[in-house]
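# What follows is a protein structure lacking sequence information:
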């Protein structure tokens with residue numbers, strides 16, 4: 001690798017020597033700065049002038065562009081108050097230097113916070129040392145700074161990174177056209193950390209035994225690098241976890257990971273510019289079908305049943321009192337049967353009553369029974385044909401009351417701590433290894449609840465698309481939100497290019513299409529992660545005990561009412 005770099009440097013020096021003789025002058029430094037401000041519209045000029053060379057840069061020539069003059073390295077740190085407020089502005093750094101040490105140290109002190117800014121280096125050397133400045137351009141590129149323009153003795157030079165590192169004569173109009181553009185990397189190798197994390201990244205072998213790198217994050221990276229004429233170099237991590245992705249980034253073994261990670265405050269690695277909030281939800285078991293023995297009570301709410309019992313009791317007692325007043329004999333059980341028959345529209349006559357009371361009560365019982373039976377039988381028929389389910393868990397409080405264990409892995413636990421998982425859910429949390437979580441979640445184990453982000457929820461919904469009733473559903477409450485994106489090396493030169501391409505893919509709808517294709521790709525047998533769930537069709541089976549629960553309950557209810565009526569009449573007869 002070192003020999004290759006030396007060879008490229010030698011070729012660059014030769015090219016530079018050939019071009020220096022034919023380069024044309026670009027004007028003095030104030031003129032170059034004024035033209036850059038006019039063409040590129042910089043909001044502020046940050047001037048590093050350690051030796052107070054006022055003759056090189058007359059501040060009065062551009063009164064409309066504010067200038068911040070810094071005279072020492074200590075003032076150039078990003079932590080200083082002078083530069084923090086300029087972070088979001090379009091800046092031109094003018095560095096008046098004599099060697100490569102000072103500008104390189106300045107770039108290091110900025111910590112890749114101003115990689116979008118432009119840098120004009122005014123080199124105060126009798127003769128341009130091409131070898132040293134080529135090394136500086138290479139080091140600046142490794143730090144993430146690619147918008148460099150060198151001024152020396154009224155001449156301008158810009159960098160060429162690919163295919164061979166070099167310095168080329170330039171001018172302000174030419175620099176304005178080419179600044180920051182990396183459209184052709186000439187096959188430059190880009191190492192990417194890959195691991196299986198559906199639907200974002202997939203690793204599997206197809207039917208021909210060839211390695212396939214799928215998933216919508218992975219495929220987008222491959223398309224992006226192909227568009228930049230860069231070479232995709234997969235680097236498989238020791239196991240399938242986000243932690244090894246971070247380790248590879250910090251060690252400099254890869255430039256980015258084919259996954260989405262949350263942005264961290266410590267800036268140990270960069271994350272592509274967020275295009276939307278990623279939200280997390282809880283997925284729990286779908287409501288189970290209502291037992292057949294409960295279908296008799298399902299049409300009405302409990303308050304309706306209570307009102308119906310009160311109505312029957314009042315009517316029976318009223319008719320019994322009327323009969324006792326006339327015949328001095330209690331007929332509680334017979335009138336109870338008459339009231340129940342009226343509700344079932346099974347025919348009733350009230351022959352034990354005489355006079356107009358009989359007709360008045362007959363009309364009351366008929367109207368009440370007709371209304372009740374019509375609504376009851378109509379609704380019972382509809383639920384018998386469409387199925388009825390237990391109440392679905394739709395709130396976090398219901399989840400806590402159901403006491404369902406929330407299974408998460410270590411990475412999700414760290415996210416939950418950082419982004420404040422609701423306190424009432426921590427009593428349900430159980431942290432398990434990643435393999436255990438995947439085994440239960442991928443088998444749709446309904447004994448547990450799972451925390452998933454939006455794209456993975458869509459994947460599990462897609463796997464259940466052919467089911468009549470999904471096995472697991474998400475609770476319609478976002479437990480927390482976060483910004484996530486491609487994790488990248490903080491000084492990677494294509495960092496902003498990838499963010500722009502990702503935003504354009506989202507705006508155009510390409511991202512949605514890639515995600516849908518990744519969901520379908522995950523279902524293939526070659527991946528072995530998930531498969532489409534098939535609806536369990538009903539077949540003719542021998543009668544089980546469940547079939548006799550409803551008749552048994554009806555029989556027990558009848559015997560109970562008969563016993564109650566017998567006791568009432570027995571007690572009333574004695575009194």
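Sure, I can see it. Predicted, not measured: the structure shown is a model, and the values here were computed from it. Numbering: from 1, shown residues only.

# going forward, measure contacts between C-alpha atoms and count neighbours the same way
OK.

# Look at residue 397 and give its secondary structure.
Classification of residue 397 by DSSP: H, G, I helix; E, B strand; the rest coil places it in helix.

# hmm, I was thinking of residue 343
Applying three-state DSSP: residue 343 is helix.

# Then the one 3 residues further on?
Secondary structure state of residue 346, per three-state DSSP, is coil.

# Determine the number of other residues adjacent to it.
10 (other Cα atoms under 10 Å).

# what packs against the helix or strand encompassing residue 373?
Element membership for residue 373 (DSSP states H and E) is helix 356-386. Applying 3 or more Cα pairs under 8 Å, 6 or more residues apart in numbering; DSSP states H and E, we find helix 356-386 packed against helix 332-344.

# For the nearest residue to residue 352 once chain neighbours are set aside, which residues are in contact?
The shortest distance from residue 352 to any non-neighbouring residue, by Cα to Cα, 6 or more residues apart in numbering, is to residue 323 (7.4 Å). Residue 323 sits next to 329-331, 352-353 when contact means Cα atoms under 8 Å, 6 or more residues apart in numbering.

# Quick check: residue 323 vs residue 312, distance?
From residue 323 across to residue 312, the span is 16 Å (Cα to Cα, to the nearest Å).

# same thing with residue 321?
14 Å.

# Tell me the spacing between the residue nearest to residue 352 and residue 361.
For residue 323 relative to residue 361 (Cα to Cα), the value is 13 Å.

# Residue 519 too?
Counting by Cα to Cα, the gap from residue 519 to residue 361 is 66 Å.

# before we move on, what about residue 570?
Residue 570 is 25 Å from residue 361, by Cα to Cα.

# ok, those two, which is more surrounded?
residue 361 (16 against 12).

# now the lengthiest strand in the chain: mean pLDDT?
Using DSSP state E, we find that the single longest strand of the chain is strand 277-285. Regarding strand 277-285, the rounded mean pLDDT is 91.

# any low-confidence regions in this protein?
1-27, 52-63, 74-82, 84, 239-241, 265-267, 525, 536-541, 546, 572-575 (pLDDT under 70).

# and if we set it to 50?
The chain contains residues with pLDDT under 50 at 1-24, 59-60, 79-80.

# Just give me the residue closest to the centre of it.
Here the mean C-alpha position of the chain is nearest to the C-alpha of residue 278 (Cα atoms, centre = their mean), at a distance of 3.4 Å.

# and of the contacts of residue 323, the nearest to residue 131?
Proximity of the contacts of residue 323 to residue 131 (Cα to Cα) peaks at residue 331, which lies at 117.2 Å.

# what ranges do the strands span in the stretch 401-550 of the chain?
Listed in chain order, the strands of the stretch 401-550 of the chain (DSSP state E, counting those that start in this stretch) span 405-408, 429-431, 448-453, 472-474, 480-485, 487-488.

# Please determine how far the closest residue to residue 524 other than its chain neighbours is located from residue 209.
Closest residue in space to residue 524, ignoring its immediate chain neighbours: residue 531 at 6.8 Å, by Cα to Cα, 6+ apart. Using Cα to Cα, residue 531 is found at 20 Å from residue 209.

# what do you get for residue 485?
Distance of residue 485 to residue 209, computed by Cα to Cα: 31 Å.

# who's more crowded, those two?
residue 485 (24 against 9).

# Across the sheet, point out what pairs with that one.
residue 261 (DSSP bridges).

# Excluding sequence neighbours, find me the nearest residue to residue 517.
Here the residue nearest residue 517, using Cα to Cα, 6+ apart, is residue 216, at 7.5 Å.
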